[in-house]
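[1] Sequence plus predicted model, see below.
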Amino acid sequence: MRLSRRYREVCYSGTRGPGKTDAILVAFAHHCNIDYWVFWPGVIFRREYKHLDDMINKSKRWFNQLTPQFCPCYLSGQGAMNWFWPGGEELLFRTFNAADDYWKYHGHEYPFIG
């Protein structure tokens, strides 16, 4: 599957089921293993970790299917839920529930934010 678009940013909304989660996961994976390496960290935010469950399950299906030759590795534990690629790309799943949560990420560099 290839995610193609003519625009730099795409707004996607709707009820459950039209593929918003799939689109954001594929958008990140589309840029893995193409010379960005450690310069391609990404983060996907949800209000609570329990809201990340479906996204993490879908990511396990998509990433293993889209990039099997690169063997991305999923790690979790102690509040950390991350995907790592051998080239150094990293996707984090994190919570952002209140304005004060900004300070947890202040100074971080993420070229991909979902």
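    Perfect, I can see it now. Numbering: from 1, shown residues only.

[2] and the strand or helix carrying L91, what's its mean pLDDT?
    Counting by DSSP states H and E, the element that carries L91 is strand 90-95. Strand 90-95 comes out with an average pLDDT of 89.

[3] Would you mind pulling the contact partners of that strand?
    With contacts defined as Cβ atoms under 8 Å, 6 or more residues apart in numbering, strand 90-95 is touched by 28, 38, 40-49, 52, 55-56, 59, 80-84, 101, 104-105, 112. In this view, the C-beta of every residue, glycine as well, is placed from N, C-alpha and C.

[4] Just the buried ones among those, please.
    28, 40-46, 52, 55-56, 59, 81-83, 112 (16 or more other Cβ atoms under 10 Å).

[5] just checking, which of those belong to strands?
    Using DSSP state E, the members of these that fall in strands are P41, G42, V43, I44, F45, R46, M81, N82, W83, F112.
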